[in-house]
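> Sequence below, structure please.
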Amino acid sequence: METSSRGDAERDGSERVGVALFVDGPNVLREEFDVDLDDVREAAEAEGQLVTTRLYLDEHATPGLIQAAEARGFEVVVTSGDVDVKLAVDAARFAAEERMATLAIASRDTDFKPVLETANGYGIRTLAIAPGEFGRSDALRNAASDSVTLDGDLTETGADAGGSNGSDGGEGPEGNGGSEGNGSGGAGGGE
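The predicted structure follows:
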């Protein structure tokens, strides 16, 4: 895959390093995807050292999920508002402040396409992590520098992921596949 610099590699004399991982809990941690947070972390770590690892959840998240995520090293951000807005603002701020070399967003929600495009505009490499073949957003995959699809034991990346299945993550008009889950699904055990 060819990468190009779309912005200055340095802002204050220090080169950007590391990967900032932002996980959209309600759209990734759903029973139908059976996603393990350790797999999400590993997909991001394959791109470099993690400089931040955040899991965003809504107010309906179970204490067990929060504890399991924290035990796996995730900073858990619980919001009573829209999870997507909080995650997008935080990720865009990280990009504007050039606090990482790679921005990784784990979601199936096309609402994050502008965040990936903004980071790309700053010359930051972007990675879209999809929770599974049927949870993959073609819009996110196409906006990102690279993509990973978590599919049980199989992880596909970039060109290896094959062609589009013609879907955009099965998302409804709200961009979340209908009713949004609370992110109470698979944190990878220990719940």
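
> wait, T102 sits on G123?
No: judged on C-beta atoms under 8 Å, T102 makes no contact with G123 at a distance of 11.1 Å. (Glycine included, C-beta is placed from N, CA and C.)

> More neighbours: which of these two?
Taking neighbours as other C-beta atoms under 10 Å, T102 and G123 compare with T102 leading, 23 against 19.

> Now do the contacts for the more buried one.
Contacts for T102 (C-beta atoms under 8 Å, 6 or more residues apart in numbering) come out as 18-20, 47-48, 124-127, 145.

> remind me which residues of the protein are low pLDDT?
Applying pLDDT under 70 to the chain flags residues 1-14, 152-191.

> Tell me where this structure has strands.
Here the chain has its strands, by DSSP state E, at 19-24, 50-58, 75-79, 102-106, 125-130, 146-151, 154-157.

> what's E97 sitting at in phi/psi?
Backbone geometry at E97, expressed as degrees, to the nearest 10, gives phi -90, psi 0.

> So which other helices or strands are in contact with the longest helix belonging to the chain?
Using DSSP state H, we find that the single longest helix of the chain is helix 83-96. Packing partners of helix 83-96 (3 or more C-beta pairs under 8 Å, 6 or more residues apart in numbering; DSSP states H and E): strand 19-24, strand 50-58, strand 75-79, strand 102-106, helix 113-121.

> about what we covered before: go through the strands of the chain and name the closest to L140.
strand 125-130 (4.1 Å; C-beta to C-beta).

> For the closest one, what is the distance to the chain centroid?
Strand 125-130 sits 6 Å away from the centroid of its parent chain (C-alpha atoms, centre = their mean, to the nearest Å).

> Output it as PDB, restricted to C-alpha atoms.
The C-alpha trace of strand 125-130 is given here as PDB (Å, rounded to 0.1, in the frame of the first residue of the first chain):
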ATOM      1  CA  ARG A 125      -1.900   7.500   9.100                       C
ATOM      2  CA  THR A 126      -5.400   6.100   9.800                       C
ATOM      3  CA  LEU A 127      -6.700   2.600  10.500                       C
ATOM      4  CA  ALA A 128     -10.300   1.500  10.400                       C
ATOM      5  CA  ILE A 129     -10.900  -1.600  12.600                       C
ATOM      6  CA  ALA A 130     -14.200  -3.400  11.800                       C
END
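
> I'm done for today, thanks for sticking with me.
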